[in-house]
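*Asks:* next comes the sequence, and after it the predicted model I'd like to discuss.
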Amino acid sequence: MHTPNDMSRSRAAFAQNSTLIAVVEMSLSSWLVAGIVPGLDRQPTKKLAVDHDALLELLHRWRNEAVRAGCQINRIVVAYESGRDGFWLARWLRARGVEAYVIHASSVPVSREHRRAKTDRLDTELLKRAFLGWLRGEANHCSMAAIPTQEDEDAKRPGRERENLIRECTRIVNRIKSNLARLGIRGFKMSMEHSAETLETLRTPEGGAIPANTLAELNREIDRLRFLRQQIKQVEAARADRLRETPDESGTAMIRELTRVVGVGVETADMLVREVFSRPLRDRKAVARYAGLTGAPDESGQKRRERGLAKAGNARVRRGMIQLAWGHLLHQKDSVLAVWYRKRTADGRGGLRKTMIVALARKLLIVLWRIATTGVTPEGIAIRPAV
């Protein structure tokens, strides 16, 4: 029995004699297209330039060949692996009457040989076998990624841009501190408004000023840091304006609902909604798996061990939830989850605390998912009054 939003197998009836199947192995400079065309003994392959119009023309040409061979084509399905090219091609093909799917690259079974042969042509054969099994409704062949709209993808950009800007700020600060430490200067605060002027007054333990070339380099680093911090403020202001101007949008409603939970701020709520909760995930297990907060057991014979987090999901969500779990213990000390964590880590072992914080992050993510999607707050969670 199929569950809602289950992308591990096809839910449509599959008639192979009237379905044209194609897979695309995409690279930076070319596409290799392999097909299964009804009525043809051969399984054609064609190397194309990176050109979506040429791909559509090729699919129509293969359809015409199948018709001339006496087969009526009622369905054209195309699949390619998720990667750098994203989902634009799938959206473009669907708008032109072609069923397009994006395969999770990590879900395709591959040979476990130490040095297996790997070429684009062999990869297309592997994709064809996996995709054909998926179309037949068989399990464990591959899974498909949900194809978001362009608006949903664009809504993620501010949060990801802010994360990249903060990471770049950290790099600059570390470079400045390293440069000063090389001269024996420590304790310089990068949050000072007049950092550039203060640099000229600093003295090394030897009693000299900062050398001219190093001083010029540090001033340029500080200018870049100020510019990046200004951009971060612009991103945050634009997000605040968007939340204020679109109060009826479903994503905005979820963010407002999550920020009522004590310990959850606007930045975390926006990240969770844009990255996870706006997706049509079928159940709580899918939510935890998407965040990469599930385990990776290794069991064979008498061997029983846990290899840690699977880390197969969204790294941003995983990092954010682990940080939020530590904050939950601070801001929601009397919640059911906090009491459960303290009870499980009562013996005080440090390793156990780190392991259980992942379990707490997984449980907390599911709680927040239910709050955002259903509006129902579980008992024991401290909530701010509605504004």
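*Replies:* Perfect, thanks for sending it.

*Asks:* kindly export the helix or strand harbouring A338 (C-alpha atoms) in CSV.
*Replies:* The secondary structure element spanning A338 is helix 336-344 (assigned by DSSP states H and E). The C-alpha trace of helix 336-344 is given here as CSV (Å, rounded to 0.1, in the frame of the first residue of the first chain):
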residue,chain,number,x,y,z
VAL,A,336,9.1,16.6,28.4
LEU,A,337,12.1,16.4,26.0
ALA,A,338,14.5,18.1,28.4
VAL,A,339,13.4,15.8,31.3
TRP,A,340,13.8,12.8,29.0
TYR,A,341,17.3,13.9,28.1
ARG,A,342,18.4,14.5,31.7
LYS,A,343,17.0,11.1,32.7
ARG,A,344,18.9,9.3,29.9
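
*Asks:* run through who's touching that helix.
*Replies:* Helix 336-344 is contacted by residues 328-329, 332, 352, 356-357, 359-360, 363-364, 367, 378-381 when judged by Cβ atoms under 8 Å, 6 or more residues apart in numbering. (C-beta placed from N, C-alpha, C; glycine too.)

*Asks:* burial of the closest residue to E379 other than its chain neighbours, as a residue count?
*Replies:* When the adjacent residues along the chain are set aside, E379 lies closest to V336, with 7.3 Å between them (Cβ to Cβ, 6 or more residues apart in numbering). Each residue near V336 was counted by other Cβ atoms under 10 Å, and the total is 14.

*Asks:* distance of V336 from G184?
*Replies:* In this structure, V336 and G184 are separated by 52 Å, where distance is defined by Cβ to Cβ, to the nearest Å.

*Asks:* pull the most distant pair out of the contacts of helix 336-344.
*Replies:* Looking at those by Cβ to Cβ, the two members farthest from one another are L352 and E379, with 26.8 Å of separation.

*Asks:* more neighbours: which of those two?
*Replies:* Between L352 and E379, counting by other Cβ under 10 Å, L352 is the more crowded of the two (13 against 6).

*Asks:* elements contacting the strand or helix carrying that one?
*Replies:* With the criterion set as DSSP H and E, the secondary-structure element containing L352 is helix 350-374. Using 3 or more Cβ pairs under 8 Å, 6 or more residues apart in numbering; DSSP states H and E as the contact criterion, the secondary-structure elements in contact with helix 350-374 are helix 250-259, helix 266-272, helix 284-290, helix 315-331, helix 336-344.

*Asks:* spit out the contact partners of L330.
*Replies:* Neighbours of L330 in contact, by Cβ under 8 Å, 6+ apart: G263.

*Asks:* give me the distance between it and Y341.
*Replies:* 12 Å.

*Asks:* what does G137 give?
*Replies:* In this structure, G137 lies at 41 Å from Y341, with Cβ to Cβ as the measure.

*Asks:* so which of those two has more stuff around it?
*Replies:* Per other Cβ under 10 Å, whichever of G137 and Y341 has more neighbours is Y341, with 21 against 15.

*Asks:* next, the spatially most central residue of the chain: phi, psi?
*Replies:* Computing the C-alpha centroid of the chain and ranking residues by Cα atoms, centre = their mean puts N314 first, at 3.7 Å. Backbone geometry at N314, expressed as degrees, to the nearest 10, gives phi -80, psi 110.

*Asks:* for stretch 206-215, give me every contacting residue.
*Replies:* Contacts of stretch 206-215 with the rest of the structure, by Cβ under 8 Å, 6+ apart, involve 179, 183-185, 199-200, 202-204, 218.

*Asks:* would you show me how to pick out the buried ones of those in ChimeraX?
*Replies:* This is how ChimeraX selects the buried members of the contacts of stretch 206-215, with burial counted by 16 or more other Cβ atoms under 10 Å:
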select :179,183,185,199,218
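
*Asks:* dump the contacts of stretch 206-215 to CSV, plus pLDDT.
*Replies:* Listed next are these as CSV, based on pLDDT from 0 to 100:
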residue, pLDDT
N179, 93
L183, 92
G184, 93
I185, 91
L199, 88
E200, 87
L202, 89
R203, 91
T204, 91
L218, 93
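
*Asks:* and the contacts of stretch 206-215, which is closest to D283?
*Replies:* Nearest to D283 out of these is N179 (Cβ to Cβ; 51.4 Å).
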